[in-house]
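Peer 1: got a predicted structure here, sequence first:
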Amino acid sequence: MALRIRLQRHGRRNRPFYHVVVAESRAPRDGKFVEKLGYYDPLTQPATIEINFERALYWLNVGAQPTETAKALLSAKGVLYRRHLDIGVKKGALTQEQADAKFNEWLAKKEAKLNELKKKYEEAKRKKQEERLKLEQKVREERAKKLAEKASEKAESTENTSENE
């Protein structure tokens, strides 16, 4: 039984949402699967990736092959890097403590970069909303000015008609 770690599409049209699953390679894309490892939402900024780290590492060690997209997701979460370090420990290239230190350092850098990216998106969103509010205020002022002019014209015309009588 050849196992694959792959994505299962969910969500409506033009709003994709994916489950990361372990499935037999012959099973259909959205069909039967062995285990659900997590999910991936590409529409959020930045994309949301939630994966059960230990189970994904287990399935990789058992021999499950990830698809290209699943491999990218596993790499982004550090599962493939952790597996690489574990293989180095088994071969004696480094100790478990060194591997843990390297992985924790990588994870800290990754989280810092992700938090920076989130701040950037939030700042851009806030600026866009401020610009929209300024534009809306400008339109509101122009409308108020036009209404005031119409009201003054109407008042003048009623005064003129009352004086003529």
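Peer 2: Yep, it's here. Numbering: from 1, shown residues only.
Peer 1: for the lengthiest helix in the chain, the averaged confidence score.
Peer 2: The longest helix of the chain (DSSP state H) is helix 96-164. For helix 96-164, mean pLDDT is 90.
Peer 1: kindly report the same for stretch 1-11.
Peer 2: Mean predicted confidence for stretch 1-11 is 91.
Peer 1: and if you look at stretch 38-58?
Peer 2: On average, stretch 38-58 scores 93.
Peer 1: quick one: contacts of that stretch?
Peer 2: 5, 7, 15-20, 35, 37, 73-74, 76-79, 82-83, 86, 114, 117-118, 121 (C-beta atoms under 8 Å, 6 or more residues apart in numbering). To be clear about C-beta, it is placed using only N, CA and C from the backbone, and glycine gets the same treatment.
Peer 1: gap between the residue nearest to the spatial centre of the chain and M1?
Peer 2: Central residue of the chain (C-alpha atoms, centre = their mean): A47, 2.0 Å from the mean position. Taking C-beta to C-beta, to the nearest Å as the measure, A47 falls 31 Å from M1.
Peer 1: before we move on, what about P42?
Peer 2: On the measure of C-beta to C-beta, P42 and M1 end up 29 Å apart.
Peer 1: so between those two, which is more surrounded?
Peer 2: Between P42 and M1, P42 has the larger neighbour count (other C-beta atoms under 10 Å), namely 16 against 7.
Peer 1: torsion angles phi and psi at that one?
Peer 2: Main-chain dihedrals, P42, degrees, to the nearest 10: phi -80, psi -10.
Peer 1: swap in E50?
Peer 2: Dihedral angles for E50 - degrees, to the nearest 10 - are phi -120, psi 120.
Peer 1: would you mind writing the CA trace of stretch 96-112 as CSV?
Peer 2: The C-alpha coordinates for stretch 96-112 follow below in CSV (Å, rounded to 0.1, in the frame of the first residue of the first chain):
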residue,chain,number,x,y,z
GLN,A,96,20.1,15.0,19.9
GLU,A,97,20.8,18.2,21.9
GLN,A,98,22.5,19.9,18.9
ALA,A,99,19.6,18.9,16.7
ASP,A,100,17.1,20.3,19.1
ALA,A,101,19.1,23.5,19.4
LYS,A,102,19.3,23.9,15.7
PHE,A,103,15.6,23.2,15.2
ASN,A,104,14.5,25.6,18.0
GLU,A,105,16.7,28.4,16.5
TRP,A,106,15.2,27.8,13.1
LEU,A,107,11.7,27.8,14.6
ALA,A,108,12.3,31.1,16.4
LYS,A,109,13.5,32.8,13.2
LYS,A,110,10.5,31.4,11.3
GLU,A,111,8.1,32.7,13.9
ALA,A,112,9.7,36.1,13.9
